[in-house]
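J.: Show me the folded form of this:
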Amino acid sequence: MLMLFERTVRPYLFRIGGGDAEAAHEWTLRRLAALSRRPALLSVLRRRYAVTAPRTVFGIEFPNPVGLAAGMDKDGVALPAWPALGFGFVEVGTVTRYPQPGNPRPRLFRLPASEAIINRMGFNNAGAAALAERLDALGRPPVPVGISLGKSRTVDLADAVDDYAASYRLLRRHGDYVAVNVSSPNTPGLRRLQDRGLLDALLEALVGEKPVLVKIAPDLTDQAIGEVLQVCADRGAAGVIATNTTLARDGLAGPDTALAGQPGGLSGRPLFARARQVVAFVHRQTGGRLPVIAVGGITHPDDAARMVDAGASLVQLYTGFVYHGPALVRAVARRLARVA
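T.: Purely as a prediction, here's the structure:
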């Protein structure tokens, strides 16, 4: 099934919009949104792709440990489709308090030889109120939902706590957990929210009602990650998502090096080694007491198993899904069922 997608579906998708990656992404979301309104077709897909490998992490029961990472479906337009494609949980967003268009296009670039993507999307989304309205209309899916929150571009860093808290109030009833995105490289100043004092104030405002996880950058030093973990422990965060995209350009293959100068965050296979290092560091530093969702460079079932071996409790896919489709979701879930 992996090879079928790669030989037939992927070449077609990669030609959409004259090869424009964002045009293909939007086309796919529109089709999945339409599919979401067809219960009979969703049932057929569910029988093909669903894998049961239950996990309970930070008090939430997951039907399998493979999630859709934030960024794929920011506004939740295709939420019912993702569980039918085999995902055991779905993270929507990153969403901001205010609607915003994101950075100018083009802002999404595929690097096929490296199985990687560079993006500088900039939290383009319809805003927290619009997402809350959509989730009200859709109802709860059969898998847990995480909601990734980010800072609005127009809001000063000094007002970031109020900005995140406003989004949290609008969306908390819809999410099983909340992910605090303080690590995207595409919103100016955002990564400063990983600093001890700013992160402490942010978690003080958000932790309490729902499990709150902090998504960290792979570009942090071990010392900086250690400080983040201390704040998480002090404020009662439920876990860490490791990692976001990277500003590094190591590991690009062949013709992809021509795109190394494109600004933005790199995801996909070149990120795997560093993401796994961060997962292992978090697990080691916390003695396994702080659950980790691993994301970054998982393009093969064995990659997911290695993340779990490093200390991850759950994994998420984004770029691997772009390159390998839903068969990868099923293959990863089956692989992790054997290492439970």
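J.: From here on, just use CA atoms for contacts and neighbour counts.
T.: Noted.
J.: Next, the contact list for the residue nearest the centre of the chain, please.
T.: Computing the C-alpha centroid of the chain and ranking residues by C-alpha atoms, centre = their mean puts residue 69 first, at 2.4 Å. Contact partners of residue 69, counting by C-alpha atoms under 8 Å, 6 or more residues apart in numbering, are 90-92, 295, 316-318.
J.: next one: residue 285
T.: residue 226.
J.: Shouldn't it be within a helix?
T.: Yes - assigned with DSSP: H, G, I helix; E, B strand; the rest coil, residue 285 falls within a helix.
J.: Could you check how far it is from residue 246?
T.: Using C-alpha to C-alpha, to the nearest Å, residue 285 is found at 22 Å from residue 246.
J.: before we move on, what about residue 123?
T.: 16 Å.
J.: repeat for residue 305
T.: Taking C-alpha to C-alpha, one finds residue 305 at 22 Å from residue 246.
J.: Compare the two and say which one has the larger neighbour count.
T.: Using other C-alpha atoms under 10 Å as the criterion, residue 305 and residue 246 rank with residue 246 on top: 25 against 22.
J.: does that one really touch residue 216, like I thought?
T.: No - Residue 246 lies out of contact with residue 216 (C-alpha atoms under 8 Å); the separation is 10.4 Å.
J.: Assign residue 336 to helix, strand or coil.
T.: Quick answer, by three-state DSSP: residue 336 is helix.
J.: That one contacts residue 305, correct?
T.: Yes - checked against C-alpha under 8 Å, the pair residue 336 and residue 305 is within contact range at 6.1 Å.
J.: any idea of the pLDDT on the closest residue to residue 289 other than its chain neighbours?
T.: Sequence neighbours aside, residue 283 is the residue nearest to residue 289 in space, at 7.5 Å (criterion: C-alpha to C-alpha, 6 or more residues apart in numbering). For residue 283, the pLDDT comes out at 97.
J.: Please name the residues that touch residue 283.
T.: For residue 283, the contacting residues are 289-292, 310-312, by C-alpha under 8 Å, 6+ apart.
J.: Export these to CSV and append columns for neighbour count, pLDDT and secondary structure.
T.: What follows is the contacts of residue 283, written out as CSV (neighbours: other C-alpha atoms under 10 Å; pLDDT from 0 to 100; DSSP: H, G, I helix; E, B strand; the rest coil):
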residue, neighbour count, pLDDT, secondary structure
289, 13, 94, coil
290, 24, 96, coil
291, 23, 98, coil
292, 31, 98, strand
310, 20, 97, helix
311, 24, 97, coil
312, 27, 98, coil
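J.: From the residues you listed, pick the one nearest residue 105.
T.: residue 292 (33.0 Å; C-alpha to C-alpha).
J.: which residues pair with that closest one across the strands?
T.: With DSSP bridges as the criterion, residue 292 is bridged to residue 240.
J.: Can you give me the distance of it to residue 332?
T.: For residue 292, the distance to residue 332 - C-alpha to C-alpha - is 17 Å.
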